[in-house]
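1. Predicted model and sequence below, questions to follow.
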Amino acid sequence: MLRMLKERSGRSYEALAKRVGTSGSSLHRYCAGAKVPADYGVVHRFARECGATRAELQELHRLWVLADAERRPAPDPAPEPAPAPEPTPAPEPVPAPEPDSAPEPDAPRPDSRPAAPAPVAVPVAAPASSAEPAPPAAPEPAAAPTPTDDRPDPAPDPAPAPADATPVPRDRRRWAAVLAVVALVLAGGVVWWWTRPAGPTAHVEGPLLLSAACPPVIGMGQHDECVREVQVLLSQAGAHLDVDGDFGPQTQRRVIAFQVLADLQPRGVVDEPTKHALYERRANLVTWTPEQVEARVREVFPEEPDRAAGIARCQSFLDPLHVLPNTNGTRNWGVFQLSDALLREFGGTPRQAFDPEWNIRTARRAWARYRDFRDWPHCDQPFRTAPGAPPTSG
């Protein structure tokens with residue numbers, strides 16, 4: 001909008017800068033959107049020099065309030081949980097050395113396993129009861145020898161060899177390799193479990209915010225299903241906000257309002273007490289609509305209804321639960337964004353300030369002291385200096 005006003009004026013940055021009281025390079029950054037002026041007065045003087053109308057001044061101030069709120073640092077950022085130590089991956093199992101294969105026999109036994117080596121034949125010893133060898137048999141008539149007839153009877157199974165000399169069967173080696181792969185997969189799964197991204201899993205028992213899937217404190221800048229759960233619970237309590245899983249200024253304002261109405265410390269982050277209060281629905285965030293707020297403001301300020309309604313819209317967008325933190329640690333509350341100082345002066349509390357009726361009537365009391373809106377200088381400035389604006393009551 002600043003760029004549009006500058007182009008419409010037809011004047012250079014240098015010429016406008018001299019009238020506004022700043023540098024041409026600063027004006028260029030403001031118009032390009034690269035920087036937000038810390039003081040609305042610079043923006044207002046620039047717009048006046050460019051011939052802005054009263055409606056344009058009010059809209060410009062509304063945009064500046066939004067941009068200024070976004071650039072302010074958020075109070076009490078949520079402490080990040082300490083990262084879990086990454087475990088050392090399990091060492092890769094070393095496969096057992098493969099023994100030398102025994103030579104395959106010429107005729108393996110039919111019932112032997114295909115991968116097992118054939119047993120080595122061992123000569124059979126004579127029975128211990130025989131004292132002398134048996135007498136030789138009578139010679140047979142000579143005949144043509146046949147290989148099958150001369151072959152001796154098959155020897156009985158040999159005695160098992162010692163364990164250290166027995167070769168490992170191939171199927172056993174195959175099972176060992178499979179077990180090694182399974183061990184590696186399990187070790188990788190353990191490492192993944194420890195190093196997985198923070199966030200809820202698909203299977204969570206009980207309330208999500210109270211489970212290990214969510215950090216102890218949820219705050220600004222976080223974007224995950226835990227934030228979405230907070231937003232859903234706030235919506236169920238009656239708050240109007242986007243359920244997008246992004247913890248931004250809008251969510252923080254609703255969290256603070258909930259904490260105030262639930263009699264909790266208004267830290268602006270979702271800690272353990274706030275989580276329990278959300279699930280217990282300890283506060284009701286249902287309030288007036290913007291139309292109801294504006295109608296009531298006009299009734300309470302019959303002297304200057306348009307001006308009062310415009311200031312309320314500029315301050316809070318007519319949102320009774322609007323809250324804005326200041327750089328000095330204080331906050332502004334409700335429809336007219338009553339400061340902590342005004343609350344002390346009129347004996348009020350943040351909880352009362354969220355009551356639109358009390359807030360509007362307290363703003364009327366502040367106005368009645370001097371019959372002007374000096375407690376809201378930024379939002380009143382367009383009305384005080386715009387062409388055709390009514391004079392300030394005195």
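-> Perfect, I can see it now.
2. In the stretch 201-350 of the chain, where is pLDDT below threshold?
-> Counting by pLDDT under 70, the ranges of the stretch 201-350 of the chain that qualify are 201-204.
3. phi, psi of Leu210?
-> phi -90, psi 0 (degrees, to the nearest 10).
4. Return the residues in contact with it.
-> Leu210 makes contact with 275-276, 279, according to Cβ atoms under 8 Å, 6 or more residues apart in numbering. Yep, even glycine has a C-beta here, placed from its N, CA and C like the rest.
5. Ile311 now?
-> By Cβ under 8 Å, 6+ apart, the residues touching Ile311 are 336, 373, 376, 379-380, 383.
6. quick one on the thing from earlier: nearest to Ala15, of the contacts of Leu210?
-> Closest approach between the contacts of Leu210 and Ala15, by Cβ to Cβ: Lys275, at 56.8 Å.
7. Quick check: chain neighbours aside, which residue is closest to that closest one?
-> Among residues not flanking Lys275 along the chain, Leu209 sits closest, at 4.3 Å (Cβ to Cβ, 6 or more residues apart in numbering).
8. try Pro273
-> That would be Leu264: by Cβ to Cβ, 6+ apart, it lies 5.6 Å from Pro273.
9. How about the secondary structure of the one you found?
-> Following DSSP: H, G, I helix; E, B strand; the rest coil, we place Leu264 in the coil state.
10. which residues does it contact?
-> Going by Cβ under 8 Å, 6+ apart, Leu264 touches 258, 273-274, 277.
11. just those residues now: which is nearest Thr53?
-> Phe258 (39.5 Å).
12. count of residues packed around the closest one?
-> 26 (other Cβ atoms under 10 Å).
13. Could you say which helix or strand holds it?
-> Per DSSP states H and E: Phe258 is located in helix 249-261.
14. Would you mind listing the buried residues in the helix or strand following that helix?
-> For helix 249-261, the succeeding helix or strand toward the C-terminus, using DSSP H and E, is helix 272-280. Within helix 272-280, the residues that count as buried by 16 or more other Cβ atoms under 10 Å are 274-275, 277-279.
15. again, but for stretch 278-290
-> Across stretch 278-290, burial judged by 16+ other Cβ under 10 Å covers 278-279, 282-283, 285, 287-288.
16. can you put the contacts of Leu210 in CSV and add distance to His28?
-> Shown next, in CSV, are the contacts of Leu210 (distance: Cβ to Cβ, whole Å):
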residue, distance to His28
Lys275, 47
His276, 51
Tyr279, 51
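17. now, among those residues, which is nearest to Gly348?
-> Of the contacts of Leu210, the one sitting nearest to Gly348 (Cβ to Cβ) turns out to be His276, at 27.7 Å.
18. For the closest one, give me its contacts.
-> Leu210.
19. cool, and Gly41?
-> Neighbouring residues of Gly41 by Cβ under 8 Å, 6+ apart: Gln381.
20. helix, strand or coil for it?
-> helix.
21. Take the buried residues of stretch 278-290 and keep only those in helices.
-> Judged by DSSP state H, those include 278-279 as members of helices.
22. Report the two of the buried residues of stretch 278-290 separated the most.
-> Taking Cβ to Cβ, no two of the buried residues of stretch 278-290 sit farther apart than Tyr279 and Trp288, at 26.3 Å.
23. buried sites along stretch 213-233?
-> Burial within stretch 213-233, assessed by neighbour count using 16+ other Cβ under 10 Å, is assigned to 213-215, 217-220, 222, 224, 226-231, 233.
24. now do stretch 287-302
-> Applying 16+ other Cβ under 10 Å to stretch 287-302 flags 287-288, 293-294, 296-297, 301 as buried.
25. Could you dump those into a markdown table with distance to Arg365 added?
-> What follows is the buried residues of stretch 287-302, written out as a markdown table (distance: Cβ to Cβ, whole Å):
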| residue | distance to Arg365 |
| --- | --- |
| Thr287 | 21 |
| Trp288 | 20 |
| Val293 | 18 |
| Glu294 | 20 |
| Arg296 | 15 |
| Val297 | 14 |
| Phe301 | 12 |
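26. Check what pLDDT Pro89 gets.
-> For Pro89, the pLDDT comes out at 56.
27. so Gln292, which of the three states?
-> Look at Gln292: counting by three-state DSSP, its state is helix.
28. With Glu357 as the reference, measure out to it.
-> 10 Å (Cβ to Cβ, to the nearest Å).
29. try Glu291
-> Glu291 is 15 Å from Glu357, by Cβ to Cβ.
30. now Leu16
-> 44 Å.
31. Neighbour count for these two, which is higher?
-> Between Leu16 and Glu357, Leu16 has the larger neighbour count (other Cβ under 10 Å), namely 20 against 14.
32. dump the residue contacts of that one.
-> So Leu16 contacts 6, 9, 24, 27, 46, 49-50 (Cβ under 8 Å, 6+ apart).
33. Show me what counts as buried in stretch 321-335.
-> The neighbour-count criterion (16+ other Cβ under 10 Å) identifies 321-325, 331-335 as the buried residues of stretch 321-335.
34. just stretch 255-264 next, same as before
-> 255-262, 264.
35. what residues are up against the closest residue to Ala277 other than its chain neighbours?
-> The shortest distance from Ala277 to any non-neighbouring residue, by Cβ to Cβ, 6+ apart, is to Ala262 (4.6 Å). Contacts for Ala262 (Cβ under 8 Å, 6+ apart) come out as 274, 277, 282-283.
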